[in-house]
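S.K.: please work out how this folds:
(4 chains)
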Number of protein chains: 2
Amino acid sequence: MHPSDNETSIRQASLEDLVTGPVDGLILEERLGYALRRAQLKVFKHFDEAMREHNIRPAQFSSLVVIEGYPGVTQSSLAQTLAIDPPRVVNLVNSLEERGLAMRVRCKRDRRSHGIFLTKQGEALVDKLKELSSQSDLAATQALSEIERRQLLMLLRKIYAPAHGEG
Amino acid sequence: MHPSDNETSIRQASLEDLVTGPVDGLILEERLGYALRRAQLKVFKHFDEAMREHNIRPAQFSSLVVIEGYPGVTQSSLAQTLAIDPPRVVNLVNSLEERGLAMRVRCKRDRRSHGIFLTKQGEALVDKLKELSSQSDLAATQALSEIERRQLLMLLRKIYAPAHGEG
DNA sequence: TATTGTTATACTCTATAACTATA
DNA sequence: TATAGTTATAGAGTATAACAATA
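M.R.: Residues are numbered from 1 along each chain as shown, chains lettered A, B, ... in the order given. Presented below is the predicted three-dimensional model:
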């Protein structure tokens, strides 16, 4: 591919004065994936800052919250819930177990399954983390009113869980 | 950490009947990061399917759209616009150049900068990709009305670009 | 001295296949 | 034979530091 093959696509005037500033106008804003990614980038950045002190990753936080809500949840069920693959859950639960936040208990009826439970330490931590997470969400969405924030959650839920969100 | 240290956190009844199904109820839905991630997962999945035929990744698509809108955009400007780091832009533009979709032109005034332009082939492709992307967005958000879809875009924009979104 | 682009590197996230132990 | 969990592996995506060329 030689430049000469594509002369018509180049506005010669631009070769001296290139576009050097941020050009984030209306070009991409209509693309849903782009808007979601940019918003998530900001929300996760706030989340990371909030969790830095406790060295907790997003998937670790979500796991702790689910385990708290469903003590004895199995790893396969956790994988389904968080929409991640079973191999990731292994590392996830390993990291929580190594830090003394959760532990596996082998099921008596079906010895293939492991129930996951929070330790006392895990229960104490998850309560604090949930508060930090809420504060972080508010900080990341300062430009939104409380009504808009709830509206946003509803719209997002409609996308990923239409059955629940539509009713 | 011995299980016996944490007996109080385990509901013994659960040790025989674990929670094995999907438990994705209301536990995590209030978390903005979780909702954003789940929605993005779905939207990107549709996008991937739509682009599979053309073997285009999300960042490649965004780059093509920006270059089309701003012929001669520099790599540093592209990095700013897409909120990615300069080293990634190098690979990104390399991939577009290798496929004959875009090309670098060294700036005459400031020979450090490269302007990026679409080739004829790139211009033809990006028009088709934009149409595919729009269809993909619609398919991923079938549960939303057109008003809700626009509302969602506005709310997301308010998050990542409060200055533009608030007015 | 600062900036544009580049290389090298590493770390996280994610996906897949193959394996084990239990059923 | 099927399932829960595990291991190994590889590919994206992402971030950082260091470098070359140019200003």
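S.K.: tell me how many other residues surround residue A:136.
M.R.: Counted by other Cβ atoms under 10 Å in any protein chain shown, the residues lying close to residue A:136 total 23. (Each C-beta comes from the backbone N, C-alpha and C, glycine too.)
S.K.: isn't it up against residue A:47?
M.R.: Yes. With contacts counted by Cβ atoms under 8 Å, residue A:136 reaches residue A:47, the gap being 5.1 Å.
S.K.: now do the most centrally placed residue in chain A, the pLDDT please.
M.R.: For chain A, the residue sitting closest to the mean C-alpha position, by Cα atoms, centre = their mean, is residue A:58 at 5.8 Å. At residue A:58 the predicted local distance difference test score is 97.
S.K.: next one: residue A:27
M.R.: Residue-level confidence at residue A:27 comes out at 77, pLDDT.
S.K.: gap between it and residue B:124?
M.R.: Noted for residue A:27: a distance of 18 Å to residue B:124, by Cβ to Cβ, to the nearest Å.
S.K.: name the residue in the two with the higher neighbour count.
M.R.: Between residue A:27 and residue B:124, counted using other Cβ under 10 Å, the more crowded position is residue A:27 (17 against 12).
S.K.: skipping adjacent residues, who's closest to residue A:40 in space?
M.R.: When the adjacent residues along the chain are set aside, residue A:40 lies closest to residue B:36, with 4.3 Å between them (Cβ to Cβ, 6 or more residues apart in numbering or on different chains).
S.K.: phi, psi for that neighbour please.
M.R.: In this entry, residue B:36 is assigned phi and psi values of phi -60, psi -40 (degrees, to the nearest 10).
S.K.: likewise for residue A:29?
M.R.: phi -70, psi -20.
S.K.: contacting residues for it?
M.R.: By Cβ atoms under 8 Å, 6 or more residues apart in numbering or on different chains, the residues touching residue A:29 are A:35, B:153, B:157.
S.K.: what's the burial count for the last one?
M.R.: Using other Cβ under 10 Å, residue B:157 has 18 other residues around it.
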